[in-house]
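Undergrad: have a look; sequence and predicted model below, questions after that.
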Amino acid sequence: MKKNVIKWILPIVVLFNACNKNNDTAAVVITPVVVDTVSKGGAYILSEGGFGANNSKLAYRVDSSGAFTGDYFLDKNPALTGGLGDLANDMIIYGGKIYILMNGSNNITVLNLATGVQITTIPVPAGPRYAAGYNGKVYATAYDGTVKVIDTTSLTISNSIVVGPNPEALVPIGNYLYVANSGGLNPTPDSTLSVVDLSTGLEIQKITVGVNPQKIAANSLGDLYVTSYGNFSSIPATITVVSSATKTVKATLGSDYSYNQVRIYNDTAYFYNNFGGTGTCKMYNTLADTTIRNEFITDGTVITSPYGINIDDRGNVYITDAGDFVSSGSVTCFNKNGVKKFSISTAPGVNPNKVVFSK
Amino acid sequence: MKRICTYFFITGCIIHTPYQIVAQVSDTLKAVKVFSKKPLDITTSSVAVQQLNKIALSKLNSLSVADAVKYFSGVVVKDYGGIGGLKTVSVRSLGANHTGIMYDGIMIADAQGGQIDLGRFSLDNIESIQLFSNQPTDILLPARTYASASVLALSSSASNINEHSKTEFGIKLKFGSFGFINPSVYYKRKINKNLWHAFNAEYQSAKGDFSFIDYETSHSKSKRTNSDIKSYRLEYDAAYTVNDSNQVKIKAYYYNSKRGLPGTVILYNHFSDERSNNENFFAQLSWKRNISLKSRILINAKYSADFKYYLDPSYQNYAGKLENEFHQKEFYFSAAYSYNIFPSLSASIAVDYFKSELKRTDSFAINFANPDRDNLLYNLALQWKQPHFEINGNLLYTYITEKVEQGPKADSLHKLTPAISASVQPFNHFPWRIRASYKNIFRAPTFDDLYYTNIGNTKLRPEYAKQYNVGITFSQQPAHVFKSIVFTTDIYYNKVTDKILAVPRQNLFQWTMLNIGTVDARGLDAGLHLVFRQCGQFDIAANFSYGYQKALDVSDPKTSQYKTQLPYTPEHSGSINLNVNYKKLAFSYNVILSSYRYRLGDQTGDNLVKGWSTHDISISYAFASKKYWDYKFLAEVNNVYNHQYEIIKYYPMPRFNYRLGIAASFKKNK
């Protein structure tokens, strides 16, 4: 097994080195080989890049060997010399395909999960933001106040559902889709959550949450944790808890919970992107409504600008670090106790924001 | 006597180098009038200076001042491509905010952004461009002239008084690739022996839809869209000369442009529809008078009004568009007095006051500070000047205070900043001179730095620039091969501290301005100007410039950018300009070169912007017909090797393109 791993990884490292020299890349990151005998899959790491900088990157890290390809997209699609495009905002794996939401390039880039080869790009002129795969369809918010419904066979937009202004994250539960309407491009942002009936494709209700809502995560009870930016000055960032069963607000968490990002795994919420809350990445029990601990990280590892948190099916927590937002970022994987397992630079990826996993 | 630089005057011999111009002017002028612009000798100046005069400019395939300034060494022109693209100038890695722009003797300012788009100044009526490190070394200058790290002085054709022709009239038409049309007209008339006036108008229009090799696949072609511009400029000048030592000049200027902002080429998304409109108006008055043989005064006054409009017609807000409207006004008054203490020693004092106002009238106006800034400057200058030795020193006091309509405001500031420069010719018989200069100056935070919605920071301190320069110059008229050799080289060390930079706070939506940058720049500038002896009917001249810059970001040792080269700053750059005149034909070959750069401090392949060079050819044919008319035909071929390059990453520059021109000028002496 070990022999195989080394045989496998050596050419990759060499290749990577050679590649880097050609590209004038300054730092070559050779990650220590971590042999994970359990998993055969890998982690896809998306880096958003800079605004208008055309430097979005999709990277891939093989779980078993730790082999890392910094520009996996270009590697698998060498004819597309320009690369992935501008401002990759979100990525999901659904039905054997990777959907990447290119907010600057105004499309959804669809890749074959097995090969990494681009199948098509679906134009979304208003700029796609976030996506969720559900019941054979992919739903994607677009900045023009709509949710695009994508037919996953024809890879075309089959319907456009009108929601609120500048929608961001979305979560499907039961027969409903919940969409955060940020209205963030207006002097006075929006503060509602649209409830869409998936059988009719129509918005049936708006639930008022915090000002400028962004992210949504659901626990096993169907409670939605909605984060809101506020207005960056007088109105702070808040977290609102909405019951999907009653479609009403259950609670608003206090000023200790002033975060703009949330991820829920096994009913534990991870709050990050601190806007004044206590702790860089706070763990919260959504069933007991109690804070587990203010710092998820327990071994003193420092994450400068936590930009994305994703948790694989074994409970490993991947925190992406955007650092100074202009140079290459990094991803650190922690076990569920907050102890670092490994860390890799996302070079050439700048502003890594999402990690998804294949089995 | 003939006018030195008529509009389309083509001399039999090339008078191209600055030195030659000097010789020519001093040969032909009867007497030096107190108000006439003294020609500049770049080799005797105590500060580093580069210049291009009318004739040199006419050979450079340049359309705007920004294009021409690329031939200077030590200069980085940020050129976003196309005729309508923004073009700003940073000198010796100090940043565009440290470059003062002077138009016909009075500074042009933008209190809002602090950077002037030099693409807006067409070369149509530019008589000369001079770039001074520190400031010009005349003793009688407004205090404001001393308030920048370097001064780019533009002189319009109206600044060149021609007392010998009564009526001048000219018309020009240029057209070329990408829908470029550029007509202009001027008229100058001497009304009586004391009064003359002049009018100049120019229109420019271009579609700007040039093709470029696309970034997606690197082999097919795309076209730049939304890159159009329509602009016009009107200028009126008048001068009333009481006598040789007493003259009043007035000038009115208006510029109007409407353009598309093509923006970065975004991969897979070439849609672009943002627009920008600009209006710039100013009226200025300048009065120069000799009170006695020893004392002189210079009074300047100016009013300027600028309007900036920005539209994003597909912005995804409630209104379905984003509009910005900014109005700026400035009232300026300056009084300067100089006194000749001894024949070699002069002293001067200057007091300037100006008031800058910014007002916002769009939907964001409700939360905007609408700042109003009072600036008071005093300058004391001393000059010791002999043929072989010159020393200039000054002390500038600046007081700035602000008022705002709402919200916090910046603190007032008082600063005292010095500059000193000297030039010496050690040996009488060797035409070598040595020069050295030092200047410490700052730039105040701009209104954008202080008050921009959500980004501005009223706690900002001024950004300082310290400059040290040592140079050697050489000027000779040898008997063989060369008619003239002029060589200058300078090495410099610049340090910028408290550099004002936009820094992301928590994410990419939120930025703030902070005084966090420190820049250490070391460099070398060199220029060589050669005029060959006439060979048969051929006149040949060549100019070379070279610049080396090591401009390091030394802000924070903890970051990966520490000690990396500043973004978009090439280590090596240079230009070559070769001119051949044969009878009525003039031929020029112009090359600009730049080594690679990075768009950010992080030196990755993604941030690499490749080195580039452009090769341009210009051919003109000029002739006089009958008594009063001169004609000129011009053909310019730009980027002859069809090289695809970028100055700013993902802003492609035009490849092969051409311009054709015809000009006719009329001159009557009675």
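TA: The structure has been received and is ready for your questions. As the structure is a computational prediction, the values presented were derived from the model and not from experiment. Numbering: from 1, shown residues only, chains lettered A, B, ... in the order given.

Undergrad: dihedrals phi and psi, B:Asn367?
TA: phi -100, psi 10 (degrees, to the nearest 10).

Undergrad: contacting residues for the closest residue to it other than its chain neighbours?
TA: Closest residue to B:Asn367 apart from its sequence neighbours, by CB to CB, 6 or more residues apart in numbering or on different chains: B:Thr453 at 6.5 Å. For glycine as for every other residue, the C-beta is placed from the backbone atoms N, C-alpha and C. The contact partners of B:Thr453, by CB atoms under 8 Å, 6 or more residues apart in numbering or on different chains, come to B:Phe364, B:Asn367, B:Phe368.

Undergrad: and which of the residues you listed is nearest to chain A?
TA: If you rank the contacts of B:Thr453 by distance to chain A using CB to the nearest CB, B:Phe364 comes first, at 6.5 Å.

Undergrad: doesn't the residue nearest to B:Asn367 fall inside a helix?
TA: No - B:Thr453 is assigned coil when assessed by DSSP: H, G, I helix; E, B strand; the rest coil, not a helix.

Undergrad: mind checking which of the contacts of B:Thr453 are buried?
TA: Buried members of these, counted by 16 or more other CB atoms under 10 Å in any protein chain shown: B:Phe368.

Undergrad: okay if I get the contacts of B:Thr453 as CSV plus pLDDT?
TA: Formatted as CSV, these follow (pLDDT from 0 to 100):
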residue, pLDDT
B:Phe364, 86
B:Asn367, 85
B:Phe368, 92
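
Undergrad: from A:Gly66, how far off is the residue nearest to B:Asn367?
TA: Applying CB to CB, to the nearest Å, the value for B:Thr453 to A:Gly66 is 46 Å.

Undergrad: try B:Gly471
TA: Distance from B:Gly471 to A:Gly66, by CB to CB: 56 Å.

Undergrad: and what of B:Lys249?
TA: 74 Å.

Undergrad: and whichever residue of the stretch 51-200 of chain B sits closest to chain A, what does it touch?
TA: Residue of the stretch 51-200 of chain B nearest chain A, by CB to the nearest CB: B:Tyr80 (11.8 Å). By CB under 8 Å, 6+ apart, the contact set of B:Tyr80 is B:Leu86, B:Lys87, B:Ile647, B:Ile648, B:Tyr651.

Undergrad: which residue is the nearest non-sequential neighbour of the second one?
TA: The one in question is B:Lys87. For B:Lys87, ignoring the flanking residues on the chain, the nearest one in space by CB to CB, 6+ apart is B:Ala66 at 3.4 Å.

Undergrad: what pLDDT does the model give that neighbour?
TA: Predicted confidence (pLDDT) for B:Ala66: 93.

Undergrad: one step back: more neighbours: which of B:Gly471 and A:Gly66?
TA: Neighbour comparison, B:Gly471 and A:Gly66: the larger count goes to B:Gly471, with 25 against 19 (by other CB atoms under 10 Å in any protein chain shown).

Undergrad: for the helix or strand encompassing the more buried one, buried residues please.
TA: Per DSSP states H and E: B:Gly471 is located in strand B:463-476. Buried residues in strand B:463-476, counted by 16+ other CB under 10 Å: B:Glu463, B:Tyr464, B:Ala465, B:Lys466, B:Gln467, B:Asn469, B:Gly471, B:Thr473, B:Ser475.

Undergrad: and if you look at stretch B:654-666?
TA: Residues of stretch B:654-666 classed as buried by neighbour count (16+ other CB under 10 Å): B:Pro654, B:Arg655, B:Asn657, B:Arg659, B:Gly661, B:Ala663, B:Ala664, B:Ser665, B:Phe666.

Undergrad: what residues does that stretch touch?
TA: By CB under 8 Å, 6+ apart, the residues outside stretch B:654-666 that reach it are B:6-8, B:61, B:63, B:81-82, B:167-178, B:180, B:210-212, B:628-644.

Undergrad: now do 6 Å
TA: Stretch B:654-666 is contacted by residues B:7-8, B:169-177, B:210, B:628-639, B:642, B:644 when judged by CB atoms under 6 Å, 6 or more residues apart in numbering or on different chains.

Undergrad: near chain A, which residues of chain B?
TA: By CB under 6 Å from any CB of the partner chain, the residues of chain B that approach chain A are B:215-218, B:264, B:266-269, B:316-318, B:454, B:504, B:560, B:600, B:602-606, B:608, B:650.

Undergrad: give me the buried subset of these.
TA: Among the residues of chain B next to chain A, those buried by neighbour count (16+ other CB under 10 Å) are B:215-216, B:264, B:266-269, B:316-317, B:504, B:560, B:600, B:602-606, B:608, B:650.

Undergrad: mind checking which of the residues you listed are in strands?
TA: Counting by DSSP state E, these place B:Pro504, B:Leu608 in strands.

Undergrad: which ones are touching A:Tyr307?
TA: Counted by CB under 6 Å, 6+ apart, A:Tyr307 has contacts A:Thr320, A:Ala322, A:Asn353.

Undergrad: top of the contacts of B:Tyr80 by neighbour count?
TA: B:Lys87 (27 neighbours).

Undergrad: strands along the stretch 151-300 of chain A, start to end?
TA: For the stretch 151-300 of chain A, applying DSSP state E, counting those that start in this stretch gives strands covering A:156-162, A:167-173, A:176-181, A:192-197, A:202-208, A:213-218, A:223-228, A:238-243, A:248-253, A:259-265, A:268-274, A:282-285, A:290-293.

Undergrad: so for B:Leu524, which of those strands sits nearest?
TA: Set against B:Leu524 and scored by CB to CB, the strands of the stretch 151-300 of chain A come closest in strand A:268-274, at 46.7 Å.

Undergrad: between the closest one and strand A:213-218, how big is the angle?
TA: Angle, strand A:268-274 to strand A:213-218, by axes from the mean of the first three to the mean of the last three CA atoms, to 10 degrees: 160 degrees.

Undergrad: contacts for strand A:268-274, please.
TA: For strand A:268-274, the surrounding residues in contact (CB under 6 Å, 6+ apart) are A:225, A:259-263, A:281-284, A:286, A:306, A:309.
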